[in-house]
Structure formats: structure tokens, C-alpha cells
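[1] Sequence plus the predicted model coming up.
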Amino acid sequence: MKILVSLVSLIAFLLVLLPGPLYKYGVVELSTAFAGFRFGVYVGGAALVLLVIQVIFMRKTLSMGSTLMALGFAVIAIAMPLSMMSKAKSVPAIHDISTDLINPPKFVAIVPLRADAKNPAEYAGEETATQQRKAYPELKTLNYAQSKTDLLAATEQAVKNLGFELVNVNAATGIVEATDTTTWFGFKDDVVVRINDEGSQRFVDIRSKSRVGRSDLGKNAERIHSLIDEINTLLDK
């Protein structure tokens, strides 16, 4: 029984741990990876049931090490997918976030890189904008007194500091483009920063969009917040 509980809990753990890397390196499709998550929850639940049975009816077969390991694997297998589901329910099912919802910054150099992406480079539209206004009302156009040159330099450095891949810097148009690759699944999300020089002020807008997926689980908004914070930190130095 101890071996069975350990084996089932390990399988549950692997079902939620491996889908990300397997998808990232092209071994499985995204639908298969998410199916692994679902099965991980079921198998994790089965592991907990078996563990309870062992505790009640076969206590003599218990050992502290194997019991804690099985419990840990099962809990992780259940908690990780449920946490993602909870996050998905707490944010709108959108994947294109911008500080300017009337005239969102456009991707330029990144467009060819999104040629095979399921989500097109064009802005998602008014329905997405409406949902964003409710979920992330704080995301608005930023204005700075610093020069366009200083803002471009800070933005470029911020992109590098955050580990994004810098794709394009166009000083003439005030455009900076980059790609952020998530660690676990290897999802590629694209970012464009637009700096407009208007007299004594510079207006900065940031847009972040996922290449795949209907919902981004709030990742694009988080990325914009991180980029804003990093730019501000660099400008304050």
C-alpha cells in the first residue's frame, strides 16, 4: 500500500509539473498540457484518498518520510491547478492590455514574429477595452517631464533588467518593442512602449499582448505594472 500511495502521488505531481516544459519544448500541444493539469487534480485526489485509507486501516505500513512525500506531492498536484483556476476567475478572460484604450500602441517590428500566433497583432477591440477598464482602471497613459531620449534609454534598460528580449528601438518614432517568455510554459507575450513628445511633457503608453490563449490570468497587466515600476526606478536614480 505504501508503494501504491507513493506512486500515485508521484504521478499526480508529474501530471502538473511536466505539462509546462513539455509544451515549451514542443513535445505536446497546449490542449494536452492543460488536460494533464485536470488529470493531475483527479490523481492527486485519489492519492489523498489512498493515504487516508492507509492511515485508518494500514497504519503499520506508514513511515514518516514516505507519508510526508506522498502528502506533499498530492497537495501540490491539487493546489497548483486550482490556484490557476481561481486566478482565471478573478480576472477577465482577455489577453491584450494597454494604457491607451482609444489609440493603443501598435506593434511594428514584432508583427512578423507573430505571424503564426493564434492571437493577431491588431488590438482586440472595444469589448476587451471595456473589460480592462473594470479590471485594471489604474492603467492609464503616463506623463513625464524627462526628455524623450532619457525615457527611451530608461525603457530600453528596464526591458533588459526585467529579462525581456529587446526586439526594436526606434528613436525617431519613440517606439520600443520586446518579447517576454514565461518560465514554465514558455509562452511568448509581446510588449510595445510608445513615447510621444508633446512640448514640455512626454506621454508614455505601454501595451502587452499574449500570442496564445484567451485569458492571460492577469499576466499582461502585471507585466505593464512591472515595466512602469522599473522605468520609474531608473528615472529616479
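    That came in fine, so what should we check first?
[2] Quick check: phi and psi on the residue nearest to residue 204 when sequence neighbours are not counted?
    Closest residue to residue 204 apart from its sequence neighbours, by Cβ to Cβ, 6 or more residues apart in numbering: residue 142 at 4.4 Å. (Glycine included, C-beta is placed from N, CA and C.) Residue 142 has phi and psi values of phi -100, psi 150 when expressed as degrees, to the nearest 10.
[3] Tell me if I'm right that residue 142 and residue 195 touch.
    No - Residue 142 sits out of contact with residue 195 when judged by Cβ atoms under 8 Å, with a separation of 9.7 Å.
[4] Neighbour count: those two, which is higher?
    Higher neighbour count among residue 142 and residue 195: residue 195, with 26 against 17, using other Cβ atoms under 10 Å.
[5] Next one: that one from residue 105, what distance?
    Note on residue 195: its distance to residue 105, by Cβ to Cβ, to the nearest Å, is 10 Å.
[6] which neighbours do those two share?
    The contact sets of residue 195 and residue 105 overlap at residue 175 (Cβ atoms under 8 Å, 6 or more residues apart in numbering).
[7] tell me the residue furthest from the middle of this structure?
    residue 60 (45.0 Å; Cα atoms, centre = their mean).
[8] I'd assumed that one was in a helix, is it?
    Yes - assessed by DSSP: H, G, I helix; E, B strand; the rest coil, residue 60 belongs to a helix.
[9] what pLDDT does it get?
    With respect to pLDDT, residue 60 scores 76.
[10] pLDDT score for the residue nearest to residue 96 when sequence neighbours are not counted?
    Of all residues not flanking residue 96 in the chain, residue 124 sits nearest, at 4.0 Å (Cβ to Cβ, 6+ apart). With respect to pLDDT, residue 124 scores 93.
[11] any idea how far residue 64 is from residue 124?
    52 Å.
[12] Give the buried residues for the host helix or strand of residue 66.
    Using DSSP states H and E, residue 66 maps to helix 64-90. By neighbour count on 16 or more other Cβ atoms under 10 Å, the buried set for helix 64-90 is 66-67, 69-70, 73-78, 80-81.
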